[in-house]
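S.K.: model this:
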Amino acid sequence: MQYRVQAIVIRSMDYGEGNKIMTLFSREQGKMSVVARGAKKVKSRLGSASQLFTFGDYSFFKSGQLGTLNHAEIIEPFHKIREDLHKAAHASYLAELTDRMMGDQEGQPFLFDQLKASLQAIQEDKEPEIVDHLYVMKMIAYAGYTPELDDCVGCREAREPAALSAVLGGILCERCLARDPQAIRISPGIHKLLRLFVQMDVRRLGQIDVKPATKEALKRLVRTYFDTHVGLKLKSRDFLEQMEKYGI
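M.R.: Alright, predicted model coming up:
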C-alpha cells in the first residue's frame, strides 16, 4: 500500500552499508517504520530527510512491518536543534518518549501537534525543561494517568494542596498527608504550574520565566510521577541526567 504523509523523524538508525531505518510519526497514521535505501551515501536525495527531528513530506510503499521510502521533501529540518547539544538532548528525550509509548499506526493528531510544537519551541529558545514537562504531561494523560490536581485524593474535598502523591495519583491536603509519607510537598505556585502543564496546549506556549529552585522542584515532581505510573527507562533521559549531574 502506498502512503504519503507529513511526519517527524523520531528515530533513525543505520541499516547495512548505505541504508537507514527511520521511524516516522505522522498526524493521521501515527508511527510507521520505513527503509531509506542509500540514505547514508553522500549524494543521496534521502540523506537529509532521514535525519532525526526532521519534519517532512514522505512517500513510501508498505506491505508488511517495514515500508520502503520512495520520495521525501523537507518542510522543517530543525537545524538549530541538531547543532546544539542541549537542544538535541531535550528533543531526543521527547522523540524517544513518543517512540516508546506510541503503538504502530495509531493516529494521534493532538499528540503529533504537541510534539511538532515542542520541537518548534525548543528551536525558538524557549525553556527546554518547561517544554519537556508540558509534553511529558501530555503523554502521561495519553497513558491514562492524569494527576488529580483539583480535589485532595485522600478526603476528596477541594482543600488547599499541601503535597503531590505520585502513588495515590494527585494532590493531598495537610490533613491527609499521612496517607503517603513519600508525597512531595508543593507550594501554591508549583500547584498552579502543574495545572498549567496538564491543561496547556504547547502551541500556545510563550516565554515562561521560572526560578531555578522552582525548575528543580518541577523536574522532581514530573519525573517521579512519570516513573511511578509509566515507568519507562529512557536512554535519552539518562543522558539528560548525566548532563545535569556534571553541569554540562
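S.K.: what about Pro181, how many neighbours?
M.R.: Close neighbours of Pro181, defined as other Cβ atoms under 10 Å, add up to 8. (C-beta placed from N, C-alpha, C; glycine too.)
S.K.: which SSE is the spatially most central residue of the chain in?
M.R.: Nearest to the mean C-alpha position of the chain, counting by Cα atoms, centre = their mean, stands Leu94 at 2.9 Å. Under the criterion of DSSP states H and E, Leu94 resides in helix 85-101.
S.K.: which neighbouring elements make contact with that helix?
M.R.: The criterion is 3 or more Cβ pairs under 8 Å, 6 or more residues apart in numbering; DSSP states H and E, and the helices and strands that helix 85-101 contacts are strand 2-15, strand 19-26, helix 79-82, helix 109-123, helix 128-142, helix 235-245.
S.K.: would you mind putting those into CSV with distance to Gly64, mean neighbour count and mean pLDDT alongside?
M.R.: Output for those, formatted as CSV (distance: least, Cβ to Cβ, whole Å; neighbours: other Cβ atoms under 10 Å; pLDDT from 0 to 100):
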stretch, distance to Gly64, mean neighbour count, mean pLDDT
strand 2-15, 13, 18, 96
strand 19-26, 13, 23, 97
helix 79-82, 31, 16, 97
helix 109-123, 24, 20, 98
helix 128-142, 27, 21, 97
helix 235-245, 27, 14, 96
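S.K.: ok, which of the ones you listed comes nearest Gly38?
M.R.: Taking Cβ to Cβ, strand 19-26 is the member of those nearest to Gly38, at 6.6 Å.
S.K.: now the closest one and helix 109-123, what's the angle there?
M.R.: Relative orientation of strand 19-26 and helix 109-123, computed by axes from the mean of the first three to the mean of the last three Cα atoms, to 10 degrees: 110 degrees.
S.K.: what's downstream of strand 19-26, the next helix or strand?
M.R.: strand 30-36.
S.K.: gap between the next helix or strand after that next one and the chain center?
M.R.: Counting by DSSP H and E, the next helix or strand C-terminal to strand 30-36 is strand 55-61. Averaging C-alpha positions (Cα atoms, centre = their mean, to the nearest Å) puts strand 55-61 22 Å from its chain's average.
S.K.: helices or strands up against strand 55-61?
M.R.: strand 2-15, strand 30-36, strand 66-76.
S.K.: looking at this structure, which residue reaches furthest from the middle?
M.R.: Within the chain, counting by Cα atoms, centre = their mean, Arg175 lies farthest from the centre, at 34.9 Å.
S.K.: which residues does that one contact?
M.R.: Neighbouring residues of Arg175 by Cβ atoms under 8 Å, 6 or more residues apart in numbering: Cys152, Gly154, Cys155, Arg159.
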